[in-house]
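K.L.:
got a structure for you, letters missing:
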DNA sequence: ATTTTTTAAATTGTCGACAATTTGAACTTT
DNA sequence: AAAGTTCAAATTGTCGACAATTTAAAAAAT
């Protein structure tokens, strides 16, 4: 076959990027749902696809497993982790509490540098909305909220919040898809109100706005699911 | 050399345990502070020590890096992560908030199965204290608190709490070392009070007890550090 | 027809070697 | 002596092969 005769002049890849690149490609494909939940993923074919040996693929997969984006079924291969939408209300419960706490901490401890970063991220988010760039919106929305967490001046809480956001990345993908043409202008003004509350150190207001922000997201999300089918997801926030 | 002539009759290890075993050994050595913070750790010598190739050692190290127990200094090797005791008050801040939230959730949502597990873990903890077994105390104390988190019926919060506890494992080691001969009997009764508050669904009391529990730990810890040297750790809990 | 045994294939962890860098010391050159 | 260059050693990612299992399908025995 031409593929074999045309023997790739194997110039070894520049040291140590394959596994990182493969990790990022797979991660993006999983998060964008190009790789469907429960879809099998095996290192042999990935190695073929990326024209590398199994080692870098394995490394990438180990990392994805540790992030719970892949799931190993012992001796039965590896699959894209199932997306359990029935867990969504639990997720929102957790996100609500953490988000309120983080906002309150930010309002208390923020300094000028923090505020600058938050404003910067807000601007980036606004421009992704302007450009109707969904992937950009997801990324910059995340960065905006993490900037707030940073202002809380507690790296443990920042880590908790970041990991929780990361846990919800695929759900968030569905959430943003729900704005299929009419853009979420109000998200931008919501963010601005949060910035002001943090800037003026109004702890209670910052917490309340974070709470409303989460509720609104939940609302939008459930409405969207409701348009797909009658959902049996129950809400237990009070 | 005899080492070479005596050629190990390399019976390959039973499939796929070396890397897990090596991971556990290294983890325990790091947590018990046998491997000192900042101490260099290189795969070549570990491979020699465990009589395996670099691959399983590398896998174990990757995992430890992802848990922040090891730290990679690019092109300069890998070291045991520094133990930043100056972060301790931040850690306690975060632990306090999460612990209070988890206790409150547990008091609200606990069922009989949860209560049974909590009681079981409490019994195990009590017997480790009885036996003066520090490693056992650390483990069973963790399991006790995680049992409470489970009762909160929110896997996201459970994960947050577990990871936060894991983050503090080395600090906790120092904490338990501080009870060098007189055992923490009161920890047992504290736990019992928490169990009762959760059992009788007294949310406010459960939260308050969790708060006191954390404060007491902080107190004990700082006192202990104070006996070692004049500590510049500042407390900002209010 | 059901259970047991045998086998081939798939899965998965490990091996030893090697190659692309990077680092820092030794050696020039200015 | 300072700056630049060269080079061996250390670090680190990748390769292709292989071996220990597990799984499940095929074959044999009951």
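P.N.:
Arrived safely. Predicted, not measured: the structure shown is a model, and the values here were computed from it.
K.L.:
Only C-alpha atoms from now on, for both contacts and neighbour counts.
P.N.:
Noted.
K.L.:
Just give the nearest non-adjacent residue to the residue nearest in space to the middle of chain A, would you?
P.N.:
Taking Cα atoms, centre = their mean, the centroid of chain A lies closest to residue A:169, which sits 3.0 Å from it. Nearest residue to residue A:169, sequence neighbours excluded (Cα to Cα, 6 or more residues apart in numbering or on different chains): residue A:31, at 6.5 Å.
K.L.:
got the contact list for the one you found?
P.N.:
Each residue near residue A:31 by Cα atoms under 8 Å, 6 or more residues apart in numbering or on different chains is listed here: A:169-170, A:173.
K.L.:
Tell me if the longest helix seen in chain A is near chain B.
P.N.:
Using DSSP state H, we find that the single longest helix of chain A is helix A:203-228. No: residues of helix A:203-228 contacting chain B under Cα under 8 Å from any Cα of the partner chain: none, with a closest distance of 14.5 Å.
K.L.:
I'd like the average pLDDT over that helix.
P.N.:
Looking at helix A:203-228 alone, the average pLDDT works out to 88.
K.L.:
which strands and helices sit next to that helix?
P.N.:
helix A:88-109, helix A:169-177, helix A:185-199 (3 or more Cα pairs under 8 Å, 6 or more residues apart in numbering or on different chains; DSSP states H and E).
K.L.:
Go through the shortest one and flag the buried ones.
P.N.:
So that's helix A:169-177. Buried residues in helix A:169-177, defined by neighbour count with 16 or more other Cα atoms under 10 Å in any protein chain shown: A:169-176.
K.L.:
quick check: angle from that helix to helix A:88-109?
P.N.:
90 degrees (axes from the mean of the first three to the mean of the last three Cα atoms, to 10 degrees).
K.L.:
I'd like the average pLDDT over stretch A:72-87.
P.N.:
Per-residue pLDDT over stretch A:72-87 has a mean of 94.
K.L.:
likewise stretch A:29-48?
P.N.:
In this model, stretch A:29-48 has an average pLDDT of 94.
K.L.:
Return the distance of that stretch from the chain's centre.
P.N.:
In terms of Cα atoms, centre = their mean, to the nearest Å, the centre of stretch A:29-48 is found 18 Å from the chain centre.
K.L.:
and that stretch, which residues are buried?
P.N.:
Using 16+ other Cα under 10 Å as the test for burial, stretch A:29-48 gives A:30-32, A:35-37, A:40-41, A:43, A:46-47.
K.L.:
Equivalent analysis for stretch A:122-135, please.
P.N.:
A:122, A:124-126, A:128-129, A:132, A:134-135.
K.L.:
How about stretch A:107-127?
P.N.:
Residues of stretch A:107-127 classed as buried by neighbour count (16+ other Cα under 10 Å): A:107-110, A:114-115, A:117-119, A:121-122, A:124-126.
K.L.:
Could I get the buried residues of stretch A:122-135 in TSV, plus columns for distance to chain B?
P.N.:
Output for the buried residues of stretch A:122-135, formatted as TSV (distance: Cα to the nearest Cα, whole Å):
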residue	distance to chain B
A:122	26
A:124	29
A:125	27
A:126	30
A:128	29
A:129	29
A:132	31
A:134	26
A:135	24
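K.L.:
Closest to DNA strand D out of those?
P.N.:
Checking the buried residues of stretch A:122-135 against DNA strand D by Cα to the nearest atom of the strand gives residue A:135 as the nearest, at 26.0 Å.
K.L.:
Check which helix or strand that closest one maps to.
P.N.:
Using DSSP states H and E, residue A:135 sits within helix A:134-151.
K.L.:
Also residue A:128?
P.N.:
Assigned by DSSP H and E, residue A:128 belongs to helix A:112-131.
K.L.:
do the same with residue A:45
P.N.:
helix A:43-50.
K.L.:
ok, then the element right after that helix?
P.N.:
The helix or strand immediately downstream of helix A:43-50 is helix A:54-66, counting by DSSP H and E.
K.L.:
before we move on, the earlier item: any idea which of the contacts of residue A:31 is closest to residue B:72?
P.N.:
residue A:169 (27.2 Å; Cα to Cα).
K.L.:
quick check: domain ranges of chain A?
P.N.:
A:11-80, A:85-228 (automatic domain parsing).
K.L.:
from the chain's centre, how far out does stretch A:107-121 sit?
P.N.:
Counting by Cα atoms, centre = their mean, stretch A:107-121 is centred 22 Å from the centre of its parent chain.
K.L.:
and it with chain B, contact?
P.N.:
No: Stretch A:107-121 lies out of reach of chain B by Cα under 8 Å from any Cα, never closer than 11.4 Å.
K.L.:
How about residues contacting that stretch?
P.N.:
Contacts with stretch A:107-121, where a contact means Cα under 8 Å, 6+ apart, come from A:140-141, A:143-144, A:147-148, A:150-153, A:195, A:197-203, A:206.
K.L.:
Neighbours of residue A:75, how many?
P.N.:
The local packing of residue A:75 (other Cα atoms under 10 Å in any protein chain shown) involves 6 other residues.
K.L.:
That one: helix or strand, and which one exactly?
P.N.:
Under DSSP H and E, no helix or strand contains residue A:75.
K.L.:
before we move on, what about the one 4 residues further on?
P.N.:
In the assignment (DSSP H and E), residue A:79 maps to strand A:78-80.
K.L.:
which helices and strands sit right next to that strand?
P.N.:
With contacts taken as 3+ Cα pairs under 8 Å, 6+ apart, strand A:78-80 sits against strand A:40-41, strand A:70-72.
K.L.:
Walk me through which strands the shortest one pairs with, and which way each runs.
P.N.:
So the one you mean is strand A:40-41. Neighbouring strands of strand A:40-41 in its sheet, by DSSP bridges, are strand A:78-80 (antiparallel).
K.L.:
where does the strand it pairs with sit relative to the chain's centre, distance-wise?
P.N.:
With Cα atoms, centre = their mean as the basis, strand A:78-80 stands 19 Å off its chain's centre.
K.L.:
Stretch A:176-192 now?
P.N.:
16 Å.
K.L.:
Okay, buried residues for it please.
P.N.:
Of all the residues in stretch A:176-192, those buried under the rule 16+ other Cα under 10 Å are A:176, A:178, A:187-188, A:191.
K.L.:
Quick one: end-to-end length of that stretch, please.
P.N.:
Start to finish, the residues bounding stretch A:176-192 are 19 Å apart (Cα to Cα, to the nearest Å).
K.L.:
who's in contact with that stretch?
P.N.:
Contact with stretch A:176-192 is made by A:122, A:125-126, A:129, A:132, A:134, A:138, A:209, A:213, A:220-221, A:224, as judged by Cα under 8 Å, 6+ apart.
K.L.:
ok, now with 7 Å
P.N.:
Outside stretch A:176-192, the residues that touch it by Cα atoms under 7 Å, 6 or more residues apart in numbering or on different chains are A:126, A:129, A:134, A:224.
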